[in-house]
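S.K.: A structural model of the following input is requested.
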Amino acid sequence: MTLLRNIIYAILLGVSMAACLSQNDEAATESRAQEEAAAATELEVQPAPDPALLIIEKGRVGDVRLGMPLEEVRQQVALGTVVTDTLLQMEGTASTAYLLRTDSQKKGLLVEQHCEPRCTVWRISVLGPDFKTSKGIGVGSKYSEVKAAYPIGVVAFEGGNFVAVSEELGMSFVLDHTQLPQDYKERGKYTPENIPANTLVKRVLLY
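M.R.: Model (predicted):
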């Protein structure tokens, strides 16, 4: 009799433990579901970038324009945009510049300053592919697309960069020259008309 009672007790104990474990699993599952729902909600409520802030045009990219005081750049950056100070070497001299990007962008804008005496925006380098001109040209575009959209007056190697210059726009399209001849004399043979059509834009420079 005692043996039977012990067996029944063991069975009931096992059922009870299984029920507890089941409840714990259900609670853990529910907790994970709540966490995932909260994370999804956070992602959903993140504001999308204003399309107007991603437009490249003559003299400006979004709200950042050439000649703009640097304090205004810091004051007027869009919600979610981070401004990071960086140093550039300009003809052997260190110069402070500013990187602007959002959390969703691996690359954004590089803003160079000119201080005499007030610091203002001197040049803007578009580094990220999210930014486009009104004709859809930006980082990652092909040279053939650039040339079809805008007049290119000069191509040249400057400071280690191969640029296609549109004076009408006040922009230089920095091209990927790694597939072009590296010999200086050969490089000098290129004109706006004979650059390979698939040469990609690495950066857009406004000056």
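
S.K.: burial of P196, as a residue count?
M.R.: Using other C-beta atoms under 10 Å, P196 is surrounded by 13 other residues. Backbone N, C-alpha and C define where each C-beta goes, glycine included.

S.K.: swap in E112?
M.R.: Neighbour tally, E112, other C-beta under 10 Å: 17.

S.K.: Please, where are all the strands along the protein?
M.R.: For the chain, the strands defined by DSSP state E cover 55-57, 60-61, 64-65, 81-90, 93-102, 109-115, 119-126, 132-133, 154-158, 161-166, 171-175, 201-206.

S.K.: How far off centre is the fourth one?
M.R.: Yep, that's strand 81-90 we're talking about. 14 Å (C-alpha atoms, centre = their mean, to the nearest Å).

S.K.: From the contact counts, what lies against it?
M.R.: strand 93-102 (3 or more C-beta pairs under 8 Å, 6 or more residues apart in numbering; DSSP states H and E).

S.K.: What of the last one?
M.R.: On a contact count with 3+ C-beta pairs under 8 Å, 6+ apart, strand 201-206 meets strand 119-126, strand 171-175.

S.K.: what's around A94, how many residues?
M.R.: With other C-beta under 10 Å as criterion, A94 counts 8.

S.K.: Tell me how far it lies from A197.
M.R.: Distance of A94 to A197, given as C-beta to C-beta, to the nearest Å: 39 Å.

S.K.: Show me what V165 is bridged to.
M.R.: Counting by DSSP bridges, V165 forms beta bridges with V154, S172.

S.K.: right, and it touches I152 too?
M.R.: Yes. Applying C-beta atoms under 8 Å, one finds V165 in contact with I152, separated by 6.8 Å.

S.K.: Which residues are in contact with each of the two?
M.R.: F173 (C-beta atoms under 8 Å, 6 or more residues apart in numbering).

S.K.: Excluding chain neighbours, give the residue nearest to Q105 in space.
M.R.: G128 (5.1 Å; C-beta to C-beta, 6 or more residues apart in numbering).

S.K.: okay, now the one you found: neighbour count?
M.R.: Other residues within reach of G128, judged by other C-beta under 10 Å, total 20.

S.K.: re the thing from before, pick the most buried one from the helices and strands packed on strand 201-206.
M.R.: strand 171-175 (a mean of 24; mean count of other C-beta atoms under 10 Å).

S.K.: Extract the CA atoms of that one and return them as PDB.
M.R.: Taking Å, rounded to 0.1, in the frame of the first residue of the first chain, the C-alpha atoms of strand 171-175 are listed here in PDB:
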ATOM      1  CA  MET A 171      30.000  70.000 -58.900                       C
ATOM      2  CA  SER A 172      32.800  67.500 -59.500                       C
ATOM      3  CA  PHE A 173      31.900  63.800 -59.800                       C
ATOM      4  CA  VAL A 174      34.800  61.800 -58.400                       C
ATOM      5  CA  LEU A 175      35.100  58.700 -60.500                       C
END
